[in-house]
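J.: the sequence and its predicted three-dimensional model are supplied below.
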Amino acid sequence: MRRMGGQDAAFLYGETPTWHMHVSALMLVDPRSAPDFSFERVRDLTAERLPQLPQFRWRLVEVPFGVDRPGWVEERDFDIDYHVRRIGIPSPGGRAELGELVGRLAGYKLNRDKPLWEMWFIEGLEDGLVAVLTKMHHAIVDGVSGAGLAEITLDLEREPRAQSLEVHEPLHHLRQPSSVELLARGLASTAILTPVRVARFGVQAARQTFTTIGFMRRTESPVAPFQAPRTTLNGEFTAHRQFSSSSVSLDRAKAVKNAFGLKLNDVVLAACAGALRRYLASINDLPAEPLVAQVPVSLRTDADKGEVGNKIGTFWASLATDIDDPSERIAAIAQSTANAKEMREALSAQRIMGLTDTTPPGLISLAARMYSAAGLDWRSPPVFNVIISNVPGPPFPLYLAGAPLQAMYPMGPLLFGGALNITVMSYCGSLDFGFLSCPEAVPDLDFIADGIPLALAELEAAAGIGPVTEPGPEPEVAADAR
């Protein structure tokens, strides 16, 4: 079998009953100009392209008791009808109905006895649109590689391209070891290699600690985990999920970027900060301290393109929600991200391996479950308030079985008491924001999503390139969320 990487195994074994470690994307397509578009055509095209999608053909093989990293073997009894499914939503098929259905589908885990992905063909949307929801486990994909997979399943032209007969990274030649063999290998690897790995990691951790102390002594020190204020965005959450979305013009966001002389990611964070500030203020829960975002970043290089698995890191950034003026707020966000990136690069230069490379997966699973069982989600200071990820997508139009793709809304997982994830993808002149939350903690997700264009308009006005948009209606929030 093909052995899994340490970070991939951590995503797999870090799952708990309420932490679902799969990533999703909702594609909206318009089939009205594609007479051959149908569920059967989408299913058949997906099946035809499976040879180009190694992760979609692999099945998980776990080591008993989690004493060593699991691995992959080729699924020999692959059933496309299990993975590609058809479902409808009730009339009128609007935003509310779609958000509820997508939340329900995102709220259950993938079957580990099958290749770790699903595709849902959702019919019944208003205006004749069709939605396609994909779910893929984080153990096989990160944001950037997920976008690459989308480009394989989609087409650059209306007419689907001819399929290559080449099978990418086949594992048919690898046999599946027996449970006894896996256990014996795992125990031997843990006993022999773990002490060496721990020692190397200890030396690395000591060096990084001294580097971190140096950064923290600065006047403007980077934001660190557990510095986030507690809000309704944090606390105990359930396995339930809720989805919403928002889109804004990429050109408008770039105009704000150029006006302030900052990065596009700073504009994305500032738009999210404005929307969250508006939401929390409306329910009397805006803290005096700034919200803290965990920001995943891709560590992929050109040499890593096409590799299966994860190549990601993270940094923490202030969203400066304590600042009323939008121009001052985005400047503070940009300073925070610059400090965080500088420290991350300094720490990365000293990195030999990660904690997940030294820890048996079984211990990662035990730690995650103990963290949740002990109530540390709501009894300890929040690790962060929200996860915000920005993934670059294609600037050109794409097609699914001949139907043009209108938008693609990505969704990431919830964990560590953070009941809200915002993932953003650029596509064909648009920034598409996908929101995923636990509805018990964040019941009115649409109100936050609707705040994105309002926050962008505020930034335009502050930059002198656009008018202020009047605020929308107050959210209908459950009393227990106030």
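T.: Cool, got the structure. Residues are numbered from 1 along each chain as shown.
J.: burial count for the closest residue to Ala259 other than its chain neighbours?
T.: Nearest in space to Ala259, with sequence neighbours left out and distances taken as Cβ to Cβ, 6 or more residues apart in numbering, is Ala463 at 3.6 Å. C-betas here are computed from N, CA, C, even on glycine. Ala463: 17 surrounding residues under other Cβ atoms under 10 Å.
J.: show me the beta-bridge partners of the residue lying closest to Leu116 once chain neighbours are set aside.
T.: Excluding the flanking residues, the one nearest Leu116 by Cβ to Cβ, 6+ apart is His137, at 3.7 Å. With DSSP bridges as the criterion, His137 is bridged to His22.
J.: burial of Asp81, as a residue count?
T.: When neighbours are defined as other Cβ under 10 Å, Asp81 has 9 of them.
J.: A helix includes it, no?
T.: Yes. Residue state for Asp81 (DSSP: H, G, I helix; E, B strand; the rest coil) corresponds to a helix.
J.: now do the contacts for it.
T.: Arg43 (Cβ atoms under 8 Å, 6 or more residues apart in numbering).
J.: for the protein, just list every one of the helices.
T.: 6-13, 39-48, 54-57, 80-83, 95-106, 143-153, 179-216, 250-260, 264-282, 326-349, 355-358, 361-373, 376-379, 445-463 (DSSP state H).
J.: turn those into CSV, including mean pLDDT and distance to Cys428.
T.: Formatted as CSV, those follow (pLDDT from 0 to 100; distance: least, Cβ to Cβ, whole Å):
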stretch, mean pLDDT, distance to Cys428
helix 6-13, 86, 30
helix 39-48, 94, 20
helix 54-57, 89, 25
helix 80-83, 96, 27
helix 95-106, 95, 21
helix 143-153, 67, 13
helix 179-216, 68, 39
helix 250-260, 95, 8
helix 264-282, 97, 16
helix 326-349, 83, 25
helix 355-358, 64, 36
helix 361-373, 83, 38
helix 376-379, 79, 38
helix 445-463, 96, 18
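J.: what's the closest of those helices to Val391?
T.: helix 143-153 (4.1 Å; Cβ to Cβ).
J.: how close does Asp324 sit to Leu456?
T.: Using Cβ to Cβ, to the nearest Å, one gets 17 Å for the distance from Asp324 to Leu456.
J.: and these two? Which one has more around it.
T.: Leu456 (27 against 8).
J.: pretty sure that one contacts Ala255?
T.: No. Taking contacts as Cβ atoms under 8 Å, Leu456 lies outside contact range of Ala255: 9.9 Å.
J.: let me see the domain layout of the protein.
T.: Using automatic domain parsing, the domains assigned to the chain come out as 2-161+175-181, 221-394+405-481.
J.: what is the neighbour count of the closest residue to Phe396 other than its chain neighbours?
T.: Spatial nearest neighbour of Phe396, chain neighbours left out: Cys428 (6.3 Å); criterion: Cβ to Cβ, 6+ apart. For Cys428, the neighbour count with other Cβ under 10 Å is 17.
J.: and if you look at Ala368?
T.: Ala368 has 19 neighbours, counted by other Cβ under 10 Å.
J.: now Cys438: how far from Glu236?
T.: 9 Å.
J.: likewise Ala320?
T.: 27 Å.
J.: check Ala457 too.
T.: As judged by Cβ to Cβ, Ala457 and Glu236 stand 35 Å apart.
J.: those two - which one has more neighbours?
T.: The neighbour comparison of Ala457 against Glu236 (other Cβ under 10 Å) goes to Ala457, with 21 against 16.
J.: that one reaches Ala463, doesn't it?
T.: No. Contact criterion Cβ under 8 Å: Ala457 and Ala463 do not qualify, at 10.8 Å.
J.: give me every residue that touches the residue nearest the centre of the chain.
T.: What sits nearest the mean C-alpha location of the chain, by Cα atoms, centre = their mean, is Gly412, with 2.6 Å. By Cβ under 8 Å, 6+ apart, the contact set of Gly412 is Val23, Gly143, Pro296, Ile387, Ser389, Asn421, Thr423, Leu436.
J.: in TSV: those, plus distance to Phe226 and neighbour count.
T.: TSV is the format used below for these (distance: Cβ to Cβ, whole Å; neighbours: other Cβ atoms under 10 Å):
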residue	distance to Phe226	neighbour count
Val23	25	25
Gly143	25	26
Pro296	18	19
Ile387	15	21
Ser389	20	26
Asn421	19	23
Thr423	23	25
Leu436	23	29
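J.: in these, which has the lowest confidence score?
T.: In terms of pLDDT, the lowest of the contacts of Gly412 is Gly143, showing 60.
J.: CSV for the helices of the chain, including distance to Leu28?
T.: Formatted as CSV, the helices of the chain follow (distance: least, Cβ to Cβ, whole Å):
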stretch, distance to Leu28
helix 6-13, 27
helix 39-48, 14
helix 54-57, 22
helix 80-83, 21
helix 95-106, 9
helix 143-153, 13
helix 179-216, 43
helix 250-260, 17
helix 264-282, 20
helix 326-349, 29
helix 355-358, 35
helix 361-373, 34
helix 376-379, 33
helix 445-463, 15
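J.: closest to Val167 out of those?
T.: Across the helices of the chain, Val167 has its closest neighbour in helix 54-57 (8.3 Å, Cβ to Cβ).
J.: mind checking how far the spatially most distant residue from the centre of the chain is from Ser189?
T.: Distance from the centre of the chain peaks at Val180, with 35.7 Å (Cα atoms, centre = their mean). For Val180, the distance to Ser189 equals 15 Å [Cβ to Cβ].
J.: likewise for Ser244?
T.: From Ser244 over to Ser189 (counting by Cβ to Cβ), the distance is 44 Å.
J.: look at the two and report which has more neighbours.
T.: It is Ser244, of Ser244 and Ser189, that has more neighbours when counted by other Cβ under 10 Å, with 25 against 16.
J.: what's the offset of stretch 232-242 from the middle of its chain?
T.: 16 Å (Cα atoms, centre = their mean, to the nearest Å).
J.: give me the buried positions along it.
T.: Thr232, Leu233, Asn234, Gly235, Glu236, Phe237, His240, Arg241, Gln242 (16 or more other Cβ atoms under 10 Å).
J.: and stretch 246-253, by the same measure?
T.: Buried, per 16+ other Cβ under 10 Å, within stretch 246-253: Ser246, Ser247, Val248, Leu250, Arg252, Ala253.
J.: would you list those in JSON lines and tack on distance to Asp127?
T.: Listed next are the buried residues of stretch 246-253 as JSON lines, based on distance: Cβ to Cβ, whole Å:
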{"residue": "Ser246", "distance to Asp127": "18"}
{"residue": "Ser247", "distance to Asp127": "15"}
{"residue": "Val248", "distance to Asp127": "20"}
{"residue": "Leu250", "distance to Asp127": "23"}
{"residue": "Arg252", "distance to Asp127": "24"}
{"residue": "Ala253", "distance to Asp127": "26"}
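J.: among those residues, which one lies nearest to Val29?
T.: Nearest member of these to Val29, counting by Cβ to Cβ, is Ser247, at 14.8 Å.
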